[in-house]
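Sequence plus predicted model, see below.
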Amino acid sequence: MAIKASENGRLFTLQTKDSSYQMFADDKNVLLHLYYGEKIGEENLSSLIFNTDMGFAGNPEEAGSDRTYSLDTLPQEVPSSGVGDYRDDMVRIRQVDGSCAADFRFDSYEILDHSYAVPGMPALYDTEEEKGETLVITMKEKASGVVLKLFYGVFENENVITRAARLENHGETAIELEKMLSFSMDLMYENYEMIYFSGRHAMERTAERIPVQHAKVEIGSIRGTSSHHYNPAVILCEEGADETHGSCIGACLVYSGNFVAAAQKDQKNQTRFQMGIHPANFCFHLKKGEAFDTPQAILSYSGSGLAKLSQQYHEIIREHICRGAYKHAERPILINNWEATYFDFNEEKILKIAEQAQKLGIEMLVLDDGWFGKRDDDNSGLGDWFVNEKKMNGSMAQLAEKIHKMGMKFGLWFEPEMISEDSDLYRAHPDWAFAVPGRVPNHGRNQLVLDMTRDDVREYLLERLTTIVHDAEIDYVKWDMNRSICDIYSHVAAQNRNGELYHRYVLGVYDLLERFLAACPDLLLEGCSGGGGRFDAGMMYYSPQIWCSDNTDAVNRLSIQYGSSFFYPISTVGSHVSVCPNHQTGRVTPFKTRGDVALAGSFGYEMDLNKISDEEKEMVKEQVAAMHTYYDLTHEGLYYRLTGLKKQDFMAWEFVAKDQSRALLTIVKTDAEGNMLPVHTKVCGLAENKLYRCSLDGEIRSGRTWNRAGLTLHQVLKEYESIRVEFTEAE
Ligand code: GLA
């Protein structure tokens, strides 16, 4: 059993392979956080807490005359609010009389031999090979009859502990739930730094690192999606931790909407670490008997640096979040027409792109935006999910048949959650779009957002999506979402509780995705939101790959894919070769480099291959072959970042097969100087006692030696040139 409760049922130790998490219900029933770190025994660690009278730190009634016992300074699992803990709360409840106080105390617990589900939301699921365990702790609010259930899930092998919470109103009156995070924990002694991933459209997930001090470090999104701007995944690591050293705690929210993640030191230098749905624009009205569930947060600990932490996340997301026919099946190499044609295409152009791609070994044609309704630019047509037969010279089934006859799969782009004002759908149902009565709504890409909280909207979309997919035997759907949400207001009266809409929107999207995939179980879904604006573990439950960024520049992709790799498996990263000069940056990079960078992901092309040289066509064939050769490495292997955040003149990364029989190491020269210095890179993860041959010069050394001595290139790479190096086990 990974979950241990002491005999008196008040001390809980969660054990994974290499980590432990401990908490304790004290004699006043306050649930104290005692430890999260390297694996330890099950001894009670409550003596790590030393209470003194801090002054201006009040005392609950049970403390009597003991002024050292204060909710304001104790390390807690569920910080109370309004009753004497002045740090950030986890749950905030407003009563009908306007008062705002909540004091949750330990009541009971239960241990389950399986993972818990989160109603209406994605969460880690059990497989035949591996089941999780669950600890459910029930906390009761002291005065109001509100009950809080804390869920702790344990996946031993991946060193993962999850947290989620459910609030049930068993009180006599309705309450307003103004804040409810997925977890809070107070880490007692370490000095931490936070690594987070910020950015913007076409420049997502730039890793940044900042010390956690008494000023709060907080990131989040209030855009309705997880966003390009901050990703819902952060790391707290000890000062100086790097890829191979130091303790690190990761937190990754399985959620695709508004979120917050924060860390702050308190007056005792303890770090309060929290994550969950953003409290801005959030307020749930809960009548007697109603409940609210938070999304799940996946926590993981590594005592030996960031590489191990990332590998743990890759494994848990790949095995227990990603689902469907393509969870492990080889994904088709695709060609997408977006950058090749934008909206300017017809059937002939698409078939020509497909024919040429097929000759070079590409396995699927994806028809992007512009095939439906009146859609020759991005000002109209969204919502009218009917094939523009004039533009396509026939039905979608006819085009699909032609593509299928070439021996290729066929994929289609949709943006289900959106509506253009210039569309038949909007003319028929203006109330289906979010807009506050009496206000002209803000436009994003000249489009409005559909009210996904409405059943009729979801029914319409489900019918349209499934009909087209079934009629044309579509193999793949790219599910896009191209604006942030505001002017949020639902015309369905029962749902018009404004503070609930952002969350209900996400629940609506999840509901539609779930039912769509149930109706089309063999489909490969690729998520997208202006590239990587919804690149999160929530979406990965539905789409095992997500278009990582609208930026296809190979050099920018190095940092975008680097940032994405801290939490998300490489198999989830949609990554394509495109033309040069690059459409986003104007940069020119070698065709080979573009391929090598795109190979670190779910691979494809975003160009018209009729327009490239014969030499480049040969390179496409080579890249396609490489994709097949290395698929098990890139999609199932262990991933190592060999270069870091500091500016250097090359970037390098490595995939090692799970059985350590071989490895693929890629280097891209990012900066060039006169009188070039040699490129020397680390090599990681080879089996210490095995011998490996290096593809560069046939040199054979033990894994132990390669892992320590690294590799020096005996060739000068020019700016943006790349090289792939393979290590294979030698007899
Ligand atoms: C978004 C996507 C692109 C493309 C366009 C189409 O920007 O990220 O890949 O599909 O929409 O409008």
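Nice, thanks for sending it over. Numbers count the residues shown, from 1 in each chain.

contacting residues around the residue in the chain that the ligand sits nearest to?
Closest contact between the chain and the ligand, by CB to the nearest ligand atom, is at D369 (3.4 Å). From N, CA and C alone the C-beta is placed, and that goes for glycine too. With contact set as CB atoms under 8 Å, 6 or more residues apart in numbering, D369 has these partners: 338, 343, 375, 378, 413, 415, 480.

of the residues you listed, closest to L181?
D480 (29.5 Å; CB to CB).

does that closest one really touch E526, like I thought?
No: using CB atoms under 8 Å, D480 is not in contact with E526; the gap is 9.2 Å.

Overlap in contacts, those two.
If you check D480 and E526 against CB under 8 Å, 6+ apart, no residue is contacted by both.

related to what we said a few turns ago, and the contacts of D369 near the ligand, which?
With the criterion set as CB under 6 Å from any ligand atom, the members of the contacts of D369 near the ligand are 338, 378, 413, 480.

Apart from its neighbours in sequence, what residue is nearest the residue most central in space within the chain?
The chain has D536 as the residue nearest its centroid, 2.2 Å off, counting by CA atoms, centre = their mean. The spatial neighbour of D536 that comes closest, neighbours along the chain excluded (CB to CB, 6 or more residues apart in numbering), is S226 at 4.3 Å.

low-scoring stretches of this protein, by residue?
Applying pLDDT under 70 to the chain picks out residues 495, 645.

ok now the longest strand along it, how far from the chain's centre?
If you go by DSSP state E, the chain has its longest strand at strand 175-187. Strand 175-187 has its C-alpha centroid displaced from the chain centroid by 21 Å (CA atoms, centre = their mean, to the nearest Å).

next one: stretch 589-596
That offset, for stretch 589-596, works out to 27 Å (CA atoms, centre = their mean).

Equivalent analysis for stretch 476-492, please.
The chain centre lies 18 Å from the centre of stretch 476-492; the measure is CA atoms, centre = their mean.

So which bits of it are buried?
The neighbour-count check on stretch 476-492 (16 or more other CB atoms under 10 Å) flags 476-485, 488, 490-491 as buried.

How far does it stretch from one end to the other?
Taking CA to CA, to the nearest Å, stretch 476-492 runs 33 Å from one end to the other.

coming back round to it: quick one: the residue of the chain closest to the ligand is in a strand?
No: secondary structure assignment (DSSP: H, G, I helix; E, B strand; the rest coil) places D369 in coil, not in a strand.

Can you tell me which residues in the stretch 351-500 of the chain are near the ligand?
Taking CB under 6 Å from any ligand atom as the criterion, the stretch 351-500 of the chain approaches the ligand at residues 368-369, 378, 413, 480, 482.

In the stretch 251-400 of the chain, mark out all the strands, start to finish.
Along the stretch 251-400 of the chain, the stretches classed as strands by DSSP state E, counting those that start in this stretch are 259-265, 271-276, 284-286, 291-293, 296-302, 334-336, 364-367.

With mean neighbour count and distance to I49 added, can I get these in TSV?
What follows is those, written out as TSV (neighbours: other CB atoms under 10 Å; distance: least, CB to CB, whole Å):
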stretch	mean neighbour count	distance to I49
strand 259-265	23	16
strand 271-276	26	15
strand 284-286	18	33
strand 291-293	19	31
strand 296-302	26	21
strand 334-336	26	55
strand 364-367	26	57
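
Serialize these to TSV and add fields for distance to N582.
Shown next, in TSV, are the strands of the stretch 251-400 of the chain (distance: least, CB to CB, whole Å):
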stretch	distance to N582
strand 259-265	31
strand 271-276	35
strand 284-286	45
strand 291-293	43
strand 296-302	34
strand 334-336	15
strand 364-367	20
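
right, and these - which one's nearest E110?
strand 291-293 (16.7 Å).

The closest one: partners in the sheet, and parallel or antiparallel?
Counting by DSSP bridges, the strands paired with strand 291-293 are strand 160-169 (antiparallel).

gap between the residue nearest to A519 when sequence neighbours are not counted and M452?
Distance criterion CB to CB, 6+ apart; nearest residue to A519, sequence neighbours excluded, is T466 at 4.6 Å. From T466 across to M452, the span is 17 Å (CB to CB, to the nearest Å).

R200 now?
When R200 is compared with M452 (using CB to CB), they lie 25 Å apart.

Please identify which of the two sits among more neighbours.
More crowded of R200 and M452, by other CB atoms under 10 Å: M452, with 25 against 11.

list the contacts for the closest residue to the more buried one other than its chain neighbours?
The shortest distance from M452 to any residue other than its chain neighbours is 3.4 Å, reached at G508 (CB to CB, 6+ apart). Contact analysis of G508 by CB under 8 Å, 6+ apart lists 452-454, 457-458.

Flag every residue of the stretch 201-350 of the chain that's near the ligand.
So far as CB under 6 Å from any ligand atom goes, the stretch 201-350 of the chain lies against the ligand at W338.

what about 8 Å?
By the rule CB under 8 Å from any ligand atom, the part of the stretch 201-350 of the chain lying against the ligand is 336, 338, 342.

which one of the residues you listed is nearest D88?
Checking these one by one against D88 (CB to CB), the nearest turns out to be W338, at 42.5 Å.

What is the neighbour count of that closest one?
Here the number of neighbours of W338 (other CB under 10 Å) works out to 23.

thought it was touching Y605?
No: between W338 and Y605 there is no contact under CB under 8 Å: 10.8 Å.

and K478, what helix or strand is that in?
K478 belongs to strand 476-479 when assigned by DSSP states H and E.

Give me the helices and strands touching that strand, please.
Other elements packing on strand 476-479 under the criterion 3 or more CB pairs under 8 Å, 6 or more residues apart in numbering; DSSP states H and E are strand 364-367, strand 409-414, strand 524-527.

can you redo the ones you listed as TSV with distance to D553?
Putting the helices and strands packed on strand 476-479 into TSV (distance: least, CB to CB, whole Å) gives the following:
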stretch	distance to D553
strand 364-367	20
strand 409-414	22
strand 524-527	20
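
To D85, which of those strands lies closest?
Nearest to D85 among these is strand 524-527; the distance by CB to CB comes to 38.4 Å.

Check what contacts that closest one and list those residues.
324-326, 331-332, 411, 475-479, 513, 517, 534-535, 539-540, 542-547, 574, 602.

quick one: is it near the ligand?
No: Strand 524-527 lies out of reach of the ligand by CB under 8 Å from any ligand atom, never closer than 9.7 Å.

Name the residues of that strand that are buried.
524-527.

Same question for stretch 622-634.
Neighbour-count burial for stretch 622-634 flags 623-624, 626-627, 630-634 (criterion: 16+ other CB under 10 Å).

How about stretch 40-49?
45-46, 49.

what's the answer for stretch 167-185, then?
167-169, 171, 175-185.

and it, how far apart are its ends?
18 Å.

Double-check A354 against M406; I have them as touching.
Yes: the pair A354 / M406 is scored as a contact, 6.1 Å apart, by CB under 8 Å.

between the two, which one's more packed in?
A354 (24 against 15).

ok, and the most crowded of the contacts of D369?
With neighbours taken as other CB under 10 Å, the top of these is E415, carrying 25 neighbours.

which residue packs closest to that one, ignoring adjacent ones?
D480 is the one closest to E415 (CB to CB, 6+ apart), at 4.3 Å.

S578 now?
Closest to S578 by CB to CB, 6+ apart is T552, at 3.8 Å.

With that, I have no additional questions.
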